[in-house]
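Model the structure of this input:
(chains A, B, C and D)
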Protein chains: 2
Amino acid sequence: MLFKLAVDCVVLAYDHTLNQLLLLLTKRIKEPQVGSWVLPGGFVKQTEDFALTAQRKLEEETGVRNLYLEQLKAYSLSDASTHNRIASVAYYALIKRADYAPMLVDAQLSQWVPVAHLPALPFDHGQKVADALTRLKQTIRTSPIAFYLLPVKFSLKQLQQVYELIYGHSLDTRNFRKLVKGLPYIVPLGEMESNVSHRPAQLYEFDLALYSDSVISETI
Amino acid sequence: MLFKLAVDCVVLAYDHTLNQLLLLLTKRIKEPQVGSWVLPGGFVKQTEDFALTAQRKLEEETGVRNLYLEQLKAYSLSDASTHNRIASVAYYALIKRADYAPMLVDAQLSQWVPVAHLPALPFDHGQKVADALTRLKQTIRTSPIAFYLLPVKFSLKQLQQVYELIYGHSLDTRNFRKLVKGLPYIVPLGEMESNVSHRPAQLYEFDLALYSDSVISETI
DNA sequence: GCAAAAGTGTTCGCAATACACCCATGC
DNA sequence: GCATGGGTGTATTGCGAACACTTTTGC
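Down below sits the predicted model:
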């Protein structure tokens, strides 16, 4: 029994003006389900492993190279009617909104939709998105991946909002800031927000080297 | 590009006399690597989804029907030399040692090895075992799956040992027992251990219905 | 000066940790 | 009676949760 192997990507970004997590969808250009909005993805090629397929597809569709990419799991498509069945491996990716090259959105071949108001998706793509969000919730508790969604320079408010969106509930601002200030790898830049009609926020940066150090010292 | 799809199973059991987690290995009967010890598994058949393949293989090889089975992830085999490549989906399973029908062990076609002293495994099977143990560590923190490894009636000492083996470090007995006694779904039977040359231990049972109740009441 | 969001400390309760001795059985 | 593992309670500490006001900017 032989399979075609597809890779599907749940690509998430954070829009701080909307204060929403966004999911990237593309328009199908082949049967079945031509014209409907689905997860970006494609078939695994000769020399690729899955992760490479996912990376290639994402670079084609978003122009983004610096991203967080992690495999979710494999799904067997229920549609076992044909001779060559299709199986798919789902990945989820976190990208910075600003890095996204919008050529495909302009051509109406892709769009961002808020995960809070997802349309029904064909195939098992709805399930994959749900699984990705569950995984993200778990992973963000133990791993500093929020920074893949945020601009390089961000305010603590933005950081908090990302956590609130992913957890699905609000956090206490004072407790959150207390916690963050205890982390050596989230470093305040001298810089402030500008052009806001209220008190400007201090900007911060995630320092990967300091994070690695802190992980090592915990392990010892 | 077409693939053959294999399923590999990391099957774990607990032996309380050895106080070890055991991994099930089978002897390969085909090239490549004939005669070496590998994870049990097989190819996905026409009408099956992966989980079904895993279940079928496990029943063939262990005779066990009541088990915990969860997908780990998909692996692309690096050996991309041939025309039809092989991809594999790994599962991990927890079974009760006593349920295992030992016909294959007797025939020297399979064996149990302590996970603490694993031999090097061919292909990427070593990686799969490592990934399974990592996943198990995470899952056991939030989900009562230790009971799939234990006999129906078990002592608190046995339960503690399972947690210690999976976590990889020892736990404080008094604190552990205090915690367990606070759980409504771990119920003491009147019964005691027998034929032990020391004070016999109280036996306990995991009550799934009570567990479900407690999960629901937490959610409300 | 007013609207709007940034920023800041203290208290409380609970859960995790550390720790040492008596008990019941088989031989 | 002794060897072996079963079984028990208390005190301390650290961490997460709750909570309200002042500050800085643009207009």
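
Packing partners of the helix or strand bottoming out on mean pLDDT in chain A?
Here the helix or strand of chain A ranked lowest by mean pLDDT, DSSP states H and E is helix A:103-106, holding a mean of 70. In this structure, helix A:103-106 packs against strand A:110-114, with contacts taken as 3 or more Cβ pairs under 8 Å, 6 or more residues apart in numbering or on different chains; DSSP states H and E. Where C-beta positions appear, they are placed from N, C-alpha and C, glycine not excepted.

Just give the strands next to the strand it packs on in its sheet, each with its orientation.
strand A:20-27 (antiparallel) (DSSP bridges).

which stretches of chain A aren't confidently modelled?
For chain A, the stretches with pLDDT under 70 are A:78-84, A:104, A:220.

ranges for the strands of it?
A:2-15, A:20-27, A:37-38, A:41-43, A:68-76, A:85-94, A:110-114, A:186-192, A:202-206 (DSSP state E).

can you list those in TSV and add distance to DNA strand D and mean neighbour count?
Output for the strands of chain A, formatted as TSV (distance: least, Cβ to the nearest atom of the strand, whole Å; neighbours: other Cβ atoms under 10 Å in any protein chain shown):
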stretch	distance to DNA strand D	mean neighbour count
strand A:2-15	22	22
strand A:20-27	22	20
strand A:37-38	37	18
strand A:41-43	37	18
strand A:68-76	23	20
strand A:85-94	23	24
strand A:110-114	26	17
strand A:186-192	7	12
strand A:202-206	11	18
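
so which of those comes closest to residue B:71?
For the strands of chain A, the distance to residue B:71 is smallest for strand A:68-76, at 5.2 Å, taking Cβ to Cβ.

For the closest one, which strands pair with it and how are they oriented?
Strand pairing (DSSP bridges) places strand A:68-76 next to strand A:85-94 (antiparallel).

got the contact list for the least confident helix or strand of chain A?
Outside helix A:103-106, the residues within contact range by Cβ atoms under 8 Å, 6 or more residues apart in numbering or on different chains are A:26, A:61-63, A:110-112.

go with 6 Å
Residues outside helix A:103-106 that contact it (Cβ atoms under 6 Å, 6 or more residues apart in numbering or on different chains) are residue A:110.

same thing with stretch A:210-220?
For stretch A:210-220, contacts defined as Cβ under 6 Å, 6+ apart pick out A:144, A:184-185.

for chain A, which helix is longest?
Assignment by DSSP state H gives helix A:125-142 as the longest helix of chain A.

Report the buried residues of that one.
Within helix A:125-142, the residues that count as buried by 16 or more other Cβ atoms under 10 Å in any protein chain shown are A:125, A:128-129, A:131-133, A:135-136, A:139-140.

Quick one: buried ones out of the contacts of stretch A:210-220?
By 16+ other Cβ under 10 Å, the contacts of stretch A:210-220 give A:144, A:185 as buried.

still on that earlier bit, adding distance to DNA strand C, write the buried residues of helix A:125-142 out as a markdown table.
Output for the buried residues of helix A:125-142, formatted as a markdown table (distance: Cβ to the nearest atom of the strand, whole Å):
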| residue | distance to DNA strand C |
| --- | --- |
| A:125 | 35 |
| A:128 | 32 |
| A:129 | 29 |
| A:131 | 27 |
| A:132 | 28 |
| A:133 | 25 |
| A:135 | 23 |
| A:136 | 24 |
| A:139 | 21 |
| A:140 | 20 |
